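Asks: Need a 3D model of the sequence below.
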Amino acid sequence: MEFSRSKAKMAQNREIHTTQPKEFIGIGKKTKIMIQNYLGGQYFFTIDVVLFKDKCLYLCESKHSKNTILPSEDDIKDGLLKLMLYNNIDSIQGYKNFKVVLRLTSNILQDSIALPNNNLELFLNSNPFSPKEKQMLLYLNLESNKNHFSVWINYGL
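Replies: A predicted model of the protein is given here:
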């Protein structure tokens, strides 16, 4: 168990100093976290963007695309997997309020939106999304609403 934890910590330390091309950071700060479960298990992760705004800590998993209007479906699914884990955190030392966010950025987007959103159709019509991308965003809107997390979709350099 100690060997596994030391390897996980080393991987976390490497990740904290690496900015992946598919992570457009731009805001906030990349941060290490350790999640501990009730059985004493310890899990080491790196959050792409952590920011504190309006008395709330935001834990953001970021995915970026330079050449397409949205990151790939696989990248979005990877981000959702991490959000499921982060969304089950019951407390963070030193913070009363926190929210988890999937942040999707693209150089091609024309405007921004936060999901869940009742006016998603306006956003879909103001950007050149394919029918498949529109359907994926409709599903993301539903998923973010049902599972109590946010999706920020923004223009990114």
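Asks: residues contacting the closest residue to S72 other than its chain neighbours?
Replies: Take S72 and drop its neighbours on the chain: the residue closest to it by Cβ to Cβ, 6 or more residues apart in numbering is S65, 7.4 Å away. Glycine gets a C-beta too; all of them are placed from N, C-alpha and C. By Cβ atoms under 8 Å, 6 or more residues apart in numbering, the contact list for S65 reads 22, 71-72, 75, 105-108.
Asks: Can you list which of those residues are found in strands?
Replies: 105-106 (DSSP state E).
Asks: would you list the contacts of S65 in CSV and tack on neighbour count and pLDDT?
Replies: Converted to CSV, those look like this (neighbours: other Cβ atoms under 10 Å; pLDDT from 0 to 100):
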residue, neighbour count, pLDDT
K22, 17, 46
P71, 24, 94
S72, 12, 94
D75, 18, 94
T105, 25, 92
S106, 21, 91
N107, 14, 87
I108, 14, 89
